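>>> pasting the sequence and the predicted model now:
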Amino acid sequence: MGTFDLIRTRDLLQKTREGGPVNRGDLLSLLALPAESTESLTIMSEARHVSEELTPSGGEVHALLFVNSWPCDANCACCPLAAQNGLVATRSEITEQDVVGWAHSLEADGAAAIHLKCTCNYPMKDYLRRAEAVRDALCPETLMVAHVPRITGTEALDLARVGFGGACHSLRLREGTDSVFPPDSRIQTVEKLREAGLPIGTMLEPVGPEHTNEELADAILACAKFVGGSGGYAGVARRTALMGSALTAKFGMIGELRLAQLLAITRLTISPSVRGLCLEEPLEDATFAGVNVLFAGALPGSPKTKTEHPLWPNTTVHDIFSLYHGVNTTVWAGPSLLFRDKDETTQNASMEQTVARFWAKRETVE
């Protein structure tokens with residue numbers, strides 16, 4: 001790319017620094033840049049600077065805990081759990097006792113938040129029962145986030161009732177084409193979650209080489225609208241070979257640098273009141289693009305055996321701490337500062353006391 005592109009990129013970045021909105025034309029210009037170009041690296045550097053300003057406390061380690069792993073009859077083409085993909089043949093469900101054990105183990109290791117996830121065809125009553133048991137076992141300060149499919153208004157209120165402090169609902173590319181769900185159903189679910197008082201986190205996913213810049217620009221703008229000023233997080237996920245879907249076999253996957261570029265562009269597009277930029281894959285390149293929320297993972301299996309799953313290898317909390325430290329990123333060692341009002345997260349005496357209570361209770365339990 002030439003000098004003109006670099007000047008135009010810098011002008012765009014100055015616009016975002018002054019609080020100007022990133023529009024569709026801006027996004028198309030940024031997305032057209034080669035991921036390895038000087039301009040893209042400049043964008044990533046700026047996104048990291050923004051994240052550091054929004055979360056001076058440092059990056060957070062969240063834990064993603066799958067309540068079940070079984071063939072899902074929703075049959076989204078991109079999903080490794082879709083029955084049509086044939087990657088998961090048997091049902092595996094974590095017991096109430098084990099989900100509590102997993103959650104407590106992840107919390108004790110230093111996870112700032114516990115996320116509970118289920119398939120689209122998992123009974124909501126079973127999910128809520130396990131969530132309530134986890135909430136009772138965790139420190140009161142530990143954030144719990146729901147990852148749920150389409151739900152009713154009553155179910156959204158139930159999520160708040162059992163103690164979730166936020167909810168994540170993904171924005172899927174080619175919804176209605178690569179999935180059976182109408183695109184509007186995502187918006188309706190987010191509205192119900194908001195009405196229940198739950199701040200929103202969202203992931204733009206699963207990005208593949210087949211998705212055009214026009215699609216990505218529209219999706220990033222929709223992602224910004226999804227999270228609004230919730231104080232939660234936004235993120236991007238690529239479709240990986242590990243997922244093993246027919247789409248991956250047909251189109252392949254995007255590289256880590258392109259993924260980092262998309263994350264940086266997303267960071268510059270979403271509201272500054274949304275402090276988190278999230279990635280579920282533990283990739284070092286992403287931290288240079290402003291990612292400040294990375295996930296440790298656990299799947300159905302005994303907490304004592306740490307059973308591995310062929311689709312999602314378990315990544316420990318300590319693995320993520322090490323990743324952050326390896327790229328000179330400070331790690332926040334306390335309850336998550338996301339999904340909260342900004343005045344709740346200032347670094348003052350009350351927050352320091354909260355962190356002290358947080359760790360004291362863990363040590364007592366251990």
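Cool, the structure landed. Computed from a prediction, not measured in an experiment: that's the story for all the values here.
>>> which ones are touching Phe251?
By Cβ atoms under 8 Å, 6 or more residues apart in numbering, Phe251 lies in contact with 208-210, 239. C-beta coordinates here come from the backbone N, C-alpha and C atoms, glycine included.
>>> try 6 Å
208-210 (Cβ atoms under 6 Å, 6 or more residues apart in numbering).
>>> counting neighbours, which of these end up buried?
Among the contacts of Phe251, those classed as buried by neighbour count (16 or more other Cβ atoms under 10 Å) are Gly208.
>>> let's have the contacts of Phe251 in a markdown table, adding secondary structure and pLDDT.
Below are the contacts of Phe251 laid out as a markdown table (DSSP: H, G, I helix; E, B strand; the rest coil; pLDDT from 0 to 100):
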| residue | secondary structure | pLDDT |
| --- | --- | --- |
| Gly208 | coil | 93 |
| Pro209 | coil | 95 |
| Glu210 | coil | 94 |
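>>> ok, so of the contacts of Phe251, who is nearest Pro149?
Gly208 (21.5 Å; Cβ to Cβ).
>>> how far away is the closest one from Ala260?
To Ala260, Gly208 is 16 Å away according to Cβ to Cβ, to the nearest Å.
>>> kindly reformat the contacts of Phe251 as TSV containing distance to Ser336.
Compiled in TSV, the contacts of Phe251 are given as follows (distance: Cβ to Cβ, whole Å):
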residue	distance to Ser336
Gly208	30
Pro209	33
Glu210	34
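>>> which one among the contacts of Phe251 gets closest to Asn292?
Gly208 (24.9 Å).
>>> just checking, the closest one touches Ala237?
No. The criterion here is Cβ atoms under 6 Å, and Gly208 misses it with Ala237 at 10.7 Å.
>>> quick one, strands of the stretch 51-200 of the chain?
60-66, 68-69, 92-93, 113-117, 143-147, 166-168, 171-172, 200-207 (DSSP state E, counting those that start in this stretch).
>>> could you spell out the sheet neighbours of the second one, each with its direction?
Within its sheet, strand 68-69 is paired with strand 92-93 (antiparallel), according to DSSP bridges.
>>> ok, the closest residue to Arg24 other than its chain neighbours - contacts?
Nearest residue to Arg24, sequence neighbours excluded (Cβ to Cβ, 6 or more residues apart in numbering): Ala217, at 5.3 Å. Contact partners of Ala217, counting by Cβ under 6 Å, 6+ apart, are 24, 27-28.
>>> so how far is Leu28 from Ala217?
5 Å.
>>> swap in Ser92?
Ser92 sits 43 Å away from Leu28, taking Cβ to Cβ as the criterion.
>>> okay, now the unreliable bits of the stretch 1-150 of the chain?
Residue ranges of the stretch 1-150 of the chain with pLDDT under 70: 1-4, 74-78, 80-88.
>>> distance to Ala296 and mean neighbour count added to the strands of the stretch 51-200 of the chain, as a markdown table?
Output for the strands of the stretch 51-200 of the chain, formatted as a markdown table (distance: least, Cβ to Cβ, whole Å; neighbours: other Cβ atoms under 10 Å):
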| stretch | distance to Ala296 | mean neighbour count |
| --- | --- | --- |
| strand 60-66 | 5 | 26 |
| strand 68-69 | 17 | 23 |
| strand 92-93 | 19 | 15 |
| strand 113-117 | 10 | 25 |
| strand 143-147 | 14 | 24 |
| strand 166-168 | 15 | 26 |
| strand 171-172 | 23 | 22 |
| strand 200-207 | 16 | 24 |
